[in-house]
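1. got a predicted model here, sequence first, then my questions.
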Amino acid sequence: MVDMPRQKLSEYRAKTIISKALELPYKGWSVDIEAPLPAQLQSAIEAGGTFALKVDQGVKGRFNQGLVALNVKAADLVEAAEQLKSKGYQWLIVEPMAEHAPGDERYISFMSDRLGVMLQFSASGGVDIEKQASSLQQVRVNDATDWEQLAQKTAINSRQLQQLTQAFLDNYFAFMEINPYLASENGLQILDSAVEVDDAAAFFVDSWQIDDFRSHSGHDQTPEEAVVKELDDNSPASLKLSVLEPNGSIFLLLSGGGASVVVADEVYNQGYGKQLANYGEYSGNPNAEETYIYTKQLLQLLLKSQASRKVLFIGGAVANFTDVNKTFAGVIKAIDEVADKLQAAGVKIFVRRGGPNQEAGLANMEVALAKHGLLGAVHDPDVPLTDAVKEALQEVDHE
Amino acid sequence: MSKELDLQNLEPVIISLGSHPGIIQSMLDYNYCLGHSAPNLVAIVSAGRKQERFFWGHDEIMVPVYAKLAKVPEQLRQQATGLLNVQSARRVLASMTETFELLPNLQVANIFAEQVPEVHALQVAALAEQHDVLVAGPASVGLLVPGVMKLGAIGGTQYPQLVAANIFSGGDTAVISTSGGMVNELIHTVTGAGLGVSFALALGGDRNPITTPAQAFLLAESDQRTRQIVYFGELGGDDEYILADLMKSGKVTKPVIAYIAGTVAGLFDQPPQFGHAKAMAANQSESAQAKKEALRTAGAKVMDVFGELATDLSAQAETGSHQAKPHRPIKQRSKAMIVSRISGDINGGVHLLGKELLSVVNENSLAGLDISLLLGQQITSPKVIEFSDYILRLLADHGPYVSGAVNTIVAARAGKDLASSLTAGLLTIGPRFGGAVNAAADAWLEGAGSDTEPKAFVAGFTANGGIIPGIGHKKYRIDTPDPRVKALTEQFSNNSNGDRYLKFAQGVEAVTTSKKANLILNVDGTIAAMLLDILESELDYSPDKLRELVDIEFFNAIFILSRSAGLMAHYLDQRRHDEGLLRLGEDDITYIPS
């Protein structure tokens, strides 16, 4: 399992797939800035001419953020790449420069939803498409679609429009944007494109794979988040962790996709949002080893936090099939290992959980927490989930 | 989704695609606790075994397992109204497509798998619509209709959880949730407040749940038991706007109490992805706050704090009519080590094939009892018993020359005891001696079953360099036939009405003997063909059931049983002579120095 059900493809891979579907040649290079540059760019340099370099990491508004270098001469390629590297990115796409008048730029996108594929297009494409929202037209594609009429509106011939739609479906795209494109006598010319795929479909396609996913998180991943991501990628269960405030005072060890949000909401609703250190959840019945590793990461973050009063809330709804005793065994093991440090930091731990083997799981947890002097409270489902959260919040200062 | 679906009067007959023992057991437990007379789960579709053991209350039952849905008997497929799908995400589209074709009376289904591709979920949704089936999922713990059925993990997977959830009797509050954990939490909240649940439905946290919140609301509106709807939704998507429209337009008139999770998203710079695939707000209108407002405007009671739900429900408990209903309890139970369908004690007395030992003994001949034990059912057909009796007599001995007898004799002369000497002989039984009956049955079943021409069948075997089991003899040839085969043929013609396997085997013999005179249909091959024919024509064994007999090596059992008498006879005979150790002489061995 990977983080998100929808993933951004590298522009390089997106264009390769789209061009192939349109039976058009594609000339471009995908460049990993962390690998030696000259070797990767050698063939481009030899090809000569001028180039466009763009950060290829799923970033929106690249042009306005200065993440694009245009009209770069072959001799200056390496230097231009080095400059983009200094902005903190890893992946670039390098293409021969295509000259055109800005006024020729058009926009088209494909989106899938419950009713099929929705096309949006505009004759005023380009970097400021958001400002041109009123120029966007919408058409839902189906068996009754008049392709010729659509071809006139988009200036893409009907054959290519149908090829694009087919490529969108065949490759399990969830979103496909070509912005801008140029319409010429020879057909469509793609300048920039962005594609999101449904990662659950990885098994069914060979045109893209997990290596082609590009994401750029708002901050650099902490080592703890990286460990949990690795854990999640290699487990049939789901394990997620994101740090919100490294020096937060409220740490959450939550189970369940729905309940975890309810608990986080409660912290926020009670006015403790700024002190919330993390969001995360495990679900799908992970084994004790997985919850051990997960808890260990969370406790490391907790111990690193500079907040003066810290609380850990371990909680979830009444599980249907996740074994409370088994998952808690891993949690307890991780707590045992750093119990002295937790006690020294004055941390109190509050628990509220239900599900298979909850009696044994909650009893073991209570014994362990009491032994280490960490016990805040341990509750079964007779205490409402959000009441238990409120109780834990009493431990920290209201902001 | 079914327009006529009446949850409260559903008669659940459930098939499981894939096996998840915890979920299935909890469904059976719920079923049992309600006091129902028989399990409503009738079949499991899974590879690698024929039956799976579960508890029905305190007794163990065997649920039949079929390799494919198409292999489930037609009658069960016609009866099936419910489906549990616990297969992997990859198989969901294919298996659901097949399900809609093969289960014409299906009404409700649950898809458990997470990570089903969005497009696949949408295709299943279209099929579900077309076939009028309510599908909970993907990534759903299922559907609970208290007093009627638990389909999926919903409500818990252990008996104490079912008791704690207090869900054996229904009430007037429908629970609809995108989250599996929260559906269970809400069930507890509702019953904990003194109300009861009319039905609980986990839609699944995917972007495209097959049953939408809107469809679920309409189901609650039409459900006669439901007075009000408790709804758990999340940020992301626009479902709540559709719900609001339904309420405003009067299509949903029952009161709605809702919690929309995800106001915490306001803390993040970039729109975050929470635990569920759906839970990501792409724009302001998809935020929890905006959707809460939309529902409020439409008249729903929307809670800002989840805990207020419990308070609100408790306040109205008097208007509800929920009484905790006594259920049939389940006490401590443990799995037996072994299941037997042959024999066991009932009230301290040994029973065979369902009857008290002595009455079975008194009512059966030896052959009748033996064939009944080997087939695992009391056989009453005189033709089958007579034919079995004949084979058992025919195979008892074939002289001291044959490999098995020689080994028994060698062991006996070496001073070994009866059991050791008998096993020395039995251990010789294999593909070249006595043990080809089963392999031959396999070949005839395959050949005659697939309507292969004997010539093509032989060509297939020789192309793979194999020898055909049941064909060929060391001693007998086409011109000097095995007298036993002739005798069997006579006996068979008296006792069987069908002969398609024998005809096929003889067709194969016609091809092989045209190549080599000793490639005759031997006694193993003949018995195999005749047994297949007689089981099919006299006992109505289906090809699948015959295949099962081949799989468990039934066809070799008759030879081993019969020949055991002969081998023991040779042992006793040798002990009477007591000649001492048998040792081969120099002439018996040709030594070729290397």
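-> The structure has been received and is ready for your questions.

2. so where is the stretch 351-500 of chain B shaky, pLDDT-wise?
-> Within the stretch 351-500 of chain B, no stretch falls below the threshold (pLDDT under 70).

3. all helices of it, in order?
-> B:357-363, B:366-375, B:382-394, B:403-413, B:418-426, B:436-449, B:454-463, B:483-495, B:500-513 (DSSP state H, counting those that start in this stretch).

4. please apply the same query to the stretch 51-200 of chain B.
-> B:74-79, B:92-102, B:118-130, B:159-165, B:180-192.

5. off-centre distance for the shortest one?
-> Its chain's C-alpha centre lies 14 Å from the corresponding centre of helix B:74-79 when counted by Cα atoms, centre = their mean, to the nearest Å.

6. please apply the same query to the second one.
-> From the chain centre to the centre of helix B:92-102 is a distance of 17 Å (Cα atoms, centre = their mean).

7. average pLDDT for it?
-> Taken as a whole, helix B:92-102 has a mean pLDDT of 97.

8. of all the residues in that helix, which ones are buried?
-> Using 16 or more other Cβ atoms under 10 Å in any protein chain shown as the test for burial, helix B:92-102 gives B:92-93, B:95-96, B:98-100, B:102. From N, CA and C alone the C-beta is placed, and that goes for glycine too.

9. so for the residue sitting nearest the centre point of chain B, what's the nearest residue that isn't a sequence neighbour?
-> Among the residues of chain B, the one closest to the centroid is B:Val65, at 1.4 Å (Cα atoms, centre = their mean). Nearest residue to B:Val65, sequence neighbours excluded (Cβ to Cβ, 6 or more residues apart in numbering or on different chains): B:Ile44, at 4.7 Å.

10. that neighbour looks like it's in a strand, true?
-> Yes: counting by DSSP: H, G, I helix; E, B strand; the rest coil, B:Ile44 is part of a strand.

11. tell me the confidence at it?
-> 97.

12. returning to what we had before: and A:Tyr282, which of the helices of the stretch 351-500 of chain B is closest to it?
-> A:Tyr282 lies closest to helix B:436-449 among the helices of the stretch 351-500 of chain B, at 49.0 Å (Cβ to Cβ).

13. number of residues surrounding B:Ile592?
-> Burial of B:Ile592 is recorded as 4 neighbouring residues (other Cβ atoms under 10 Å in any protein chain shown).

14. distance-wise, check the nearest residue to B:Leu535 once chain neighbours are set aside relative to B:Pro469.
-> Leaving aside its chain neighbours, B:Leu535 sits nearest to B:Tyr541 (4.2 Å; criterion: Cβ to Cβ, 6+ apart). Note on B:Tyr541: its distance to B:Pro469, by Cβ to Cβ, to the nearest Å, is 20 Å.

15. more neighbours, those two?
-> B:Pro469 (23 against 18).

16. if I look at B:Ile242, how far off is B:Ile229?
-> 14 Å.

17. and the pLDDT at whatever residue of the stretch 51-200 of chain B ends up closest to chain A?
-> Using Cβ to the nearest Cβ, the closest approach of the stretch 51-200 of chain B to chain A is made by B:Ser179 at 2.4 Å. For B:Ser179, the pLDDT comes out at 91.

18. so where does the nearest residue to it once chain neighbours are set aside fall, helix or strand?
-> Excluding the flanking residues, the one nearest B:Ser179 by Cβ to Cβ, 6+ apart is A:Gly258, at 2.4 Å. Using DSSP states H and E, A:Gly258 sits in helix A:257-269.

19. rewinding a little: what's the most buried one of the helices of the stretch 51-200 of chain B?
-> helix B:180-192 (a mean of 29; mean count of other Cβ atoms under 10 Å in any protein chain shown).

20. tell me how the chain divides into domains.
-> Picked chain A for this. A:27-96, A:102-212, A:223-393 (automatic domain parsing).

21. switch to chain B, please.
-> B:1-140, B:166-329, B:343-380, B:392-577.

22. the shortest one: how far from the chain's middle?
-> From the chain centre to the centre of domain B:343-380 is a distance of 27 Å (Cα atoms, centre = their mean).

23. now whichever residue of the stretch 201-350 of chain B sits closest to chain A: phi and psi?
-> When distances are taken as Cβ to the nearest Cβ, the stretch 201-350 of chain B reaches nearest to chain A at B:Gly275, 2.7 Å away. Dihedral pair for B:Gly275: phi -60, psi -30, per degrees, to the nearest 10.

24. what separates the residue lying closest to it once chain neighbours are set aside from A:Ala319, distance-wise?
-> Nearest non-adjacent residue to B:Gly275, counting by Cβ to Cβ, 6+ apart: A:Gly257, 2.7 Å away. Distance of A:Gly257 to A:Ala319, computed by Cβ to Cβ: 12 Å.

25. ok, now B:Ala424?
-> 58 Å.

26. the closest residue to chain A within the stretch 351-500 of chain B: how many residues sit nearby?
-> At 32.3 Å from chain A, B:Ser450 is the closest residue in the stretch 351-500 of chain B, using Cβ to the nearest Cβ. Neighbour count for B:Ser450, taken as other Cβ under 10 Å: 9.

27. what sits against it?
-> Under the criterion of Cβ atoms under 8 Å, 6 or more residues apart in numbering or on different chains, B:Ser450 has no contact partners.

28. how about the residues of the stretch 101-250 of chain A by chain B?
-> A:112, A:114, A:169, A:172, A:174, A:198, A:200-201, A:203-204, A:217-218, A:238, A:240, A:242, A:244 (Cβ under 8 Å from any Cβ of the partner chain).

29. would you mind giving me the ChimeraX syntax to select the buried ones in these?
-> Buried residues within these, by 16+ other Cβ under 10 Å, are selected in ChimeraX with:
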select /A:112,172,174,198,200,201,238,240,242,244
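
30. which pair of the residues of the stretch 101-250 of chain A next to chain B spans the longest distance?
-> Going by Cβ to Cβ, the pair spanning these furthest: A:Leu169 and A:Leu244, at 37.7 Å.

31. show me which residues of the stretch 251-399 of chain A sit near chain B.
-> Counting by Cβ under 8 Å from any Cβ, the residues of the stretch 251-399 of chain A that sit close to chain B are A:255-262, A:264-269, A:273, A:276, A:279, A:281, A:283-284, A:316-321, A:354-357, A:359, A:381-382, A:384-387, A:390.

32. contact partners of the longest strand seen in chain A?
-> Longest strand in chain A by number of residues (criterion: DSSP state E): strand A:173-184. Here strand A:173-184 makes contact (Cβ under 8 Å, 6+ apart) with A:6, A:14, A:18, A:98, A:100, A:104-112, A:125-126, A:129, A:154-156, A:164, A:167-168, A:188-198, B:118.

33. now the buried members of these.
-> Among these, the ones that count as buried by 16+ other Cβ under 10 Å are A:6, A:14, A:18, A:104-112, A:125-126, A:129, A:154-156, A:164, A:167-168, A:188-198, B:118.
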